[in-house]
Each structure stands twice: as C-alpha cells, then as structure tokens.
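K.L.:
Take this sequence and fold it.
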Amino acid sequence: MSATAASPWDQEVKSGGGLYLKIEPNSSARVRFIGMPIAFQEEFSGKVSDRWAAVVIEKTIGPDNKPQRAVKGFKFGVMIFKAIQTLWRNEDWGNPEEYDVTITRTGSDKETKYSVVPSPKKPISDEERTLVTEANIDLSALFLKNGNGVAAAGASPDEYDPFQDE
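P.N.:
You can find the predicted model right below:
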C-alpha cells in the first residue's frame, strides 16, 4: 500500500506524546500494527498533546521459551509516530501491517528516546488473525473517553505520565 494524503500516517505532527502500553526504560517491545491508527488529543495536567492509538499484536517469549501473542490497544506519541510514518512513506517498507517493528525505549523522564526498527516483511499467521478477530478492540472506546476526540484528563498519580517522556 502506498502512502496517500488521506492516510493517518501522513499527518503532520505538532506536539509530543507518550505511551499507553508502557515500555519500561531500557527495554523493547516487538509489535505488529493491525489496521490504521486513530489520532486524538489528550489532556494531562492542563496540557493538551497529540496522540495516536492503534491495535497491535504484542510478541513476546514466554517463560517456557515459546512465543506468546497478545492483542492490545497501543497509545503512542510523536517520536514513535514519526518513526513509523517514515517507514510508511518509504517505498521499500510501506504499510506497517506487513512487518513487525521493535520499539526500544532508552532513558527515562525527559531524557527518554524511542527507536523503531522494522523486521523483514512477513504475513501474520492464522493464529494471530484469529486472536485479532477474537479481541475485537474498539480504539475509540479505549482512548476517546469523552466522545469528542479528546482523551479525558485527571489520570491518577500512579499512572504513566506521558509528558515526562518523548
């Protein structure tokens, strides 16, 4: 799939962000994007910032050394968005639904950086397709809490602070 002006991956970015699926400092997560992301704004401590959310398959290795898969809603900010957008616009990579990406978080607080590295293109398995269908994740229900495209304010103190990272 080629990038088009109507694509969510083609949006211009004006402000920074954070993660819903928290990646701990100095660790990585391997994911496969499923479907197009949604864009919204989120208020936290009186600040409003652009965010994106997408359905992903999180890929890990379990304690038994066997692959594990989980379908999740993934909220991310400008650093990750721009990295995926660069891949989306590149004719050799294109649609991030066609390959896994490993997102690595280094540093913490205001020194946090993210890198996004693509894996070779490979179709999702029948098992993964079934997991996605069964999960039936509604991004709007998960992330657009007040119904107008702005995520609700008032996160509890123990929640991840998206303005401390990215």
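K.L.:
surely K122 meets Y99?
P.N.:
Yes. At 6.6 Å, K122 and Y99 qualify as touching, with contact defined as CB atoms under 8 Å. Quick note: C-beta positions are derived from backbone N, CA and C, even for glycine.
K.L.:
Neighbour count: those two, which is higher?
P.N.:
Y99 (17 against 10; other CB atoms under 10 Å).
K.L.:
In space, what's closest to V71 - neighbours in sequence excluded?
P.N.:
Residue nearest to V71 in three dimensions, not counting chain neighbours: A135, with 3.7 Å by CB to CB, 6 or more residues apart in numbering.
K.L.:
What's the first helix or strand after the longest strand that the chain contains?
P.N.:
Identified as the longest strand of the chain according to DSSP state E is strand 27-44. Where DSSP states H and E defines the elements, the next helix or strand beyond strand 27-44 is strand 47-61.
K.L.:
now for the next helix or strand after that following strand, which elements pack on it?
P.N.:
Of the helices and strands lying after strand 47-61 in sequence (DSSP H and E), the nearest is strand 67-76. Using 3 or more CB pairs under 8 Å, 6 or more residues apart in numbering; DSSP states H and E as the contact criterion, the secondary-structure elements in contact with strand 67-76 are strand 47-61, helix 126-135, helix 139-143.
K.L.:
now strand 67-76, how far from the centre of its chain.
P.N.:
On the basis of CA atoms, centre = their mean, to the nearest Å, the separation between the geometric centre of strand 67-76 and that of its chain is 9 Å.
K.L.:
low pLDDT regions in the protein?
P.N.:
Along the chain, the model assigns pLDDT under 70 to residues 1-22, 145-166.
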